[in-house]
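Student: would you be able to build a 3D model of this:
(2 chains)
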Number of protein chains: 2
Amino acid sequence: MAQEIERKFLINKKEWQNVEKSQGNLYRQGYLLTDPNKTIRVRQTTEKAFLTIKGLSIGATRPEYEYEIPMEDAKELLDNFSVSELSKIRYEIVYENKIWEVDEFLGDNTGLIVAEIELESEDETFNIPSWIDVEVTGEDKYYNSNLTIEPYKNWRNK
Amino acid sequence: MAQEIERKFLINKKEWQNVEKSQGNLYRQGYLLTDPNKTIRVRQTTEKAFLTIKGLSIGATRPEYEYEIPMEDAKELLDNFSVSELSKIRYEIVYENKIWEVDEFLGDNTGLIVAEIELESEDETFNIPSWIDVEVTGEDKYYNSNLTIEPYKNWRNK
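Tutor: Predicted coordinates for the structure are as follows:
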């Protein structure tokens, strides 16, 4: 089965400011469906767009089916079919041969920065950069789909 | 906007029996989402599979976004993610340069046979074969997504 294995971390904002990074990529993404068992997402980046179906996470593993779609379709689907939406700037940082994807959320999620690393297996080991803080893998409230419903600005204990 | 313009008809079963046709193609299709405003469908045929998002119909016109996906993905999505499903045998009949798609439904929809013709515009004219009966374009109960919820066998006035 198609799946992604991914671990997710908060970052140390002070350390993060000093990390050398190239320009980020603006992501606009919306959900055609969000329920506890599956999400259907349309994501538009500067150059490409994708339709993605994700299933239920077990540990760091989640079924994922992703298809590239035309940019124009993505815009129409986001404008006309999505029930909730968010934007973020994504940075890709290479650290000891692994790619960390760091998302600085915008809008109602401004202030939240989350780093993800994709793995080949649940038990793959990797080195952790100094700007990584606590792990939040599997914590529902950090799911992007949930951030469209209960955004960071509404959280009581940030 | 991507869209399909389609008119739908019931058929005269007696006449239909006498129509010369090549072997039909078995379609298995399931819905990841069915609501009045949009449906998300996975369709698996003998050789190909598709993920399709359809919007609200206005007249014979409906927004439609269709993407071919791997057969294996389609099977997994149908097995694990669809909320309702149906099967049918599709025949394609060429009549006076237009293609008629005729669906003989199976399972709980056995007995229902529906013919569709895709048009370039709402006002395109076309010739109607003798085996076509009344038009049902826009009648909700004939939407395939609705047939998975309220199948033909439950209809009081067939």
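Student: going forward, measure contacts and count neighbours with C-alpha atoms only.
Tutor: OK.
Student: buried set for whichever strand or helix holds A:W100?
Tutor: According to DSSP states H and E, A:W100 maps onto strand A:98-105. Along strand A:98-105, these residues count as buried under the neighbour rule (16 or more other C-alpha atoms under 10 Å in any protein chain shown): A:W100, A:E101, A:V102, A:D103, A:E104, A:F105.
Student: what's the distance between the fifth one and A:E92?
Tutor: According to C-alpha to C-alpha, to the nearest Å, A:E104 and A:E92 sit 11 Å apart.
Student: same check, this time on the last one
Tutor: Applying C-alpha to C-alpha, the value for A:F105 to A:E92 is 14 Å.
Student: before we move on, what about the first one?
Tutor: Between A:W100 and A:E92 the distance, using C-alpha to C-alpha, works out to 6 Å.
Student: same thing with A:E118?
Tutor: Using C-alpha to C-alpha, A:E118 is found at 12 Å from A:E92.
Student: and what of A:L10?
Tutor: 15 Å.
Student: repeat for A:N80
Tutor: 30 Å.
Student: repeat for A:D108
Tutor: 23 Å.
Student: partners of the nearest residue in space to A:M71 that is not next to it in sequence in the sheet?
Tutor: Distances taken as C-alpha to C-alpha, 6 or more residues apart in numbering or on different chains place A:A49 nearest to A:M71, at 5.4 Å, with adjacent residues excluded. On the basis of DSSP bridges, A:A49 is bridged to A:Q44, A:I69.
Student: show me the contacts for A:A49.
Tutor: A:V42, A:R43, A:E68, A:I69, A:P70, A:M71, A:A74 (C-alpha atoms under 8 Å, 6 or more residues apart in numbering or on different chains).
Student: before we move on, what about A:L112?
Tutor: A:E104, A:F105, A:Y152.
Student: can you count the residues close to the last one?
Tutor: In terms of burial, A:Y152 registers 22 neighbours under the definition other C-alpha atoms under 10 Å in any protein chain shown.
Student: settle this for me: it is touching A:L106, isn't it.
Tutor: No - using C-alpha atoms under 8 Å as the test, A:Y152 is too far from A:L106 to be in contact (9.9 Å).
Student: quick one: distance of the helix or strand following the strand holding A:W100 to the chain centre.
Tutor: Downstream of strand A:98-105, the next assigned helix or strand under DSSP H and E is strand A:113-118. Once both centres are worked out by C-alpha atoms, centre = their mean, to the nearest Å, strand A:113-118 turns out to sit 7 Å from its chain's centre.
Student: by contact count, what packs against strand A:113-118?
Tutor: strand A:3-11, strand A:98-105 (3 or more C-alpha pairs under 8 Å, 6 or more residues apart in numbering or on different chains; DSSP states H and E).
Student: now the common contact residues for A:E118 and A:E92.
Tutor: A:I99, A:W100.
Student: and chain A, which residues reach chain B?
Tutor: Within chain A, the residues that sit near chain B (C-alpha under 8 Å from any C-alpha of the partner chain) are A:M1, A:A2, A:L33, A:K38, A:G55, A:Y65, A:Y67, A:I69, A:D73, A:E76, A:F81.
Student: what's the burial count for A:N18?
Tutor: Count around A:N18 with other C-alpha under 10 Å applied: 9.
Student: can you list the strands that the strand holding A:W100 pairs with?
Tutor: In the sheet, strand A:98-105 lines up against strand A:84-95 (antiparallel), strand A:113-118 (antiparallel) (DSSP bridges).
Student: tell me how far the nearest residue to A:K21 once chain neighbours are set aside lies from A:E68.
Tutor: In space, and not counting its chain neighbours, A:K21 is closest to A:I93: 6.8 Å by C-alpha to C-alpha, 6+ apart. Between A:I93 and A:E68 the distance is 23 Å, computed by C-alpha to C-alpha.
Student: got the contact list for the closest residue in space to A:Q3 that isn't next to it in sequence?
Tutor: Using C-alpha to C-alpha, 6+ apart and skipping the chain neighbours, the partner closest in space to A:Q3 is A:P63 (4.0 Å). Shown in contact with A:P63 (C-alpha under 8 Å, 6+ apart): A:M1, A:A2, A:Q3, A:E4, A:K54, A:G55, A:L56, A:S57.
Student: from those residues, which would you call buried?
Tutor: Buried members of the contacts of A:P63, counted by 16+ other C-alpha under 10 Å: A:E4, A:K54, A:G55, A:S57.
Student: thinking again about what came up before, now the strand holding A:W100: how far from the chain's centre is it?
Tutor: Centre-to-centre, strand A:98-105 and its host chain are 8 Å apart (C-alpha atoms, centre = their mean).
Student: quick one, it and strand A:3-11 angle?
Tutor: 60 degrees (axes from the mean of the first three to the mean of the last three C-alpha atoms, to 10 degrees).
Student: now strand A:98-105: average pLDDT?
Tutor: Averaged over strand A:98-105, pLDDT sits at 97.
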